[in-house]
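Model the structure of this input:
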Amino acid sequence: MPEFRGRSVYFVAPGTPIPQGSKRIGVHRRTGRALVLDDPRALAAWRTRIGTYALQARVKEGIRAPFAGPVAVEATFCITRPRSVRRKTPFVRPDIDKLLRGLLDGITRVLVKDDGQVVRVTADKWYVEH
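Numbering: from 1, shown residues only. Okay, the predicted model is just below:
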């Protein structure tokens, strides 16, 4: 397995991570036709927040443009533990792969030219106390 020895960019995007990828069915208000809705309302704001913090980190590191070659991503998603939940790990929704989709789309054109450049992903999902 190749080892990555390039530049690193570390950033934290505060807020509740929003999963991307679940589809839901809706009805158009005027026509009554069925619609397939791809993204929750908060997803666009979440991706923008990720992009903003990623850009700030890139600038701070003195990196002028998004990475062009292969990229490895390490992500930790911190989810507020509901008061009624006693389990230590969030082995329930949101799915980690859907959280990664939102993250990768958020860093596209900011840290990477295209999220297809990502060749390795390490991801964790943990509860944090309120």
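
What are the buried residues along the helix ranked longest in the chain?
Determined from DSSP state H, the single longest helix within the chain is helix 43-60. Residues of helix 43-60 classed as buried: 43, 46-47, 49-51, 53-55, 57-58 (neighbour count, 16 or more other C-beta atoms under 10 Å). (Each C-beta comes from the backbone N, C-alpha and C, glycine too.)

Give me the sheet partners of the helix or strand just after it and which way each runs.
Under the assignment DSSP states H and E, the closest C-terminal helix or strand after helix 43-60 is strand 71-80. With DSSP bridges as the test, strand 71-80 is paired with strand 118-128 (parallel).

Only alpha carbons, please: show the longest helix of the chain as PDB.
Provided in PDB are the C-alpha atoms of helix 43-60 (Å, rounded to 0.1, in the frame of the first residue of the first chain):
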ATOM      1  CA  LEU A  43     -27.000  19.900   3.500                       C
ATOM      2  CA  ALA A  44     -26.000  22.900   1.300                       C
ATOM      3  CA  ALA A  45     -25.200  25.000   4.400                       C
ATOM      4  CA  TRP A  46     -23.200  22.100   5.800                       C
ATOM      5  CA  ARG A  47     -21.100  21.700   2.600                       C
ATOM      6  CA  THR A  48     -20.600  25.500   2.500                       C
ATOM      7  CA  ARG A  49     -19.400  25.400   6.100                       C
ATOM      8  CA  ILE A  50     -16.900  22.600   5.300                       C
ATOM      9  CA  GLY A  51     -15.600  24.500   2.300                       C
ATOM     10  CA  THR A  52     -15.200  27.700   4.300                       C
ATOM     11  CA  TYR A  53     -13.100  26.000   7.100                       C
ATOM     12  CA  ALA A  54     -11.200  24.000   4.500                       C
ATOM     13  CA  LEU A  55     -10.300  27.100   2.600                       C
ATOM     14  CA  GLN A  56      -9.200  28.900   5.700                       C
ATOM     15  CA  ALA A  57      -6.900  26.000   6.600                       C
ATOM     16  CA  ARG A  58      -5.500  25.800   3.100                       C
ATOM     17  CA  VAL A  59      -4.700  29.500   3.100                       C
ATOM     18  CA  LYS A  60      -3.100  29.200   6.600                       C
END
